[in-house]
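Asker: Have a look at this prediction, sequence included:
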Amino acid sequence: YDQGNTYMKPNTVSYSTVIHALAKSREPGSAERAEAILRTMFERYMNGEKDVKPNTISFNAVIHAWACSGDKRAPIQAEKLLKQMEELHSLGNDCMQPDLSTYNTILHAWANLRDKGSASRAEQILAELEEQYEKGKSYLRPDTITYSTVINVLAKCGEPDQAER
């Protein structure tokens with residue numbers, strides 16, 4: 001496209017597909033590369049290319065890349081992306097609204113960290129989801145995946161007695 005072939009112009013779907021492929025690859029550095037593509041999407045969108053506007057799917061794919069990366073920074077990076085989504089959504093970007101998949105993937109990142117602090121953070125995220133659901137956000141109702149992932153975090157992170165709750 002940059003060489004003048006307008007038929008090859010990337011859009012949100014093509015960028016998100018590449019991000020998703022990076023997440024599935026689990027190659028070293030793939031999470032950083034996925035996040036760099038998301039930044040590129042933002043830059044192009046802010047420069048007037050409306051057909052490359054990042055959306056929930058784009059963000060979730062990058063969060064998934066971090067969750068699968070095995071990088072110790074993964075849960076923190078995933079939560080930074082969540083905060084960015086929340087901020088953008090609050091500014092009127094409805095297509096960037098975090099959904100249950102966003103939170104479940106972040107919980108997965110905490111499970112993969114296998115750190116003692118992961119269990120308490122997973123419980124906090126679950127409590128936040130339950131609170132948001134009770135406030136009327138029905139799309140954030142914790143599901144079987146949510147609860148299973150929290151149990152998994154508790155079991156993996158050296159607190160199996162908490163998992164029995």
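Answerer: That came in fine, so what should we check first?
Asker: List the residues that contact the one residue sitting closest to the centre of the chain.
Answerer: Centroid check for the chain by C-alpha atoms, centre = their mean gives I63 as the closest residue, at 2.8 Å. Contact analysis of I63 by C-beta atoms under 8 Å, 6 or more residues apart in numbering lists 78, 81-82, 102, 105-106, 109. The way it works is simple: take the backbone N, C-alpha and C, and place the C-beta from them, glycine included.
Asker: Could you do C68 as well?
Answerer: C68 touches 23-24, 26, 31, 112, counting by C-beta under 8 Å, 6+ apart.
Asker: any idea which of these is least confident?
Answerer: Among the contacts of C68, R26 carries the lowest pLDDT, at 85.
Asker: Quick check: phi and psi at the residue nearest to that one when sequence neighbours are not counted.
Answerer: Spatial nearest neighbour of R26, chain neighbours left out: C68 (5.3 Å); criterion: C-beta to C-beta, 6 or more residues apart in numbering. Phi and psi for C68, reported as degrees, to the nearest 10, are phi -90, psi 0.
Asker: and what of K53?
Answerer: phi -60, psi 120.
Asker: Give me the distance between it and V13.
Answerer: With distances taken as C-beta to C-beta, to the nearest Å, K53 is found 11 Å from V13.
Asker: Settle it for me: which of these two has more neighbours?
Answerer: A direct count of neighbours by other C-beta atoms under 10 Å for K53 and V13 places K53 higher, at 18 against 13.
Asker: For burial, what's the neighbour tally of the residue nearest to that one when sequence neighbours are not counted?
Answerer: Distances taken as C-beta to C-beta, 6+ apart put Y45 closest to K53, at 4.8 Å, once the chain neighbours are dropped. By other C-beta under 10 Å, 15 other residues sit near Y45.
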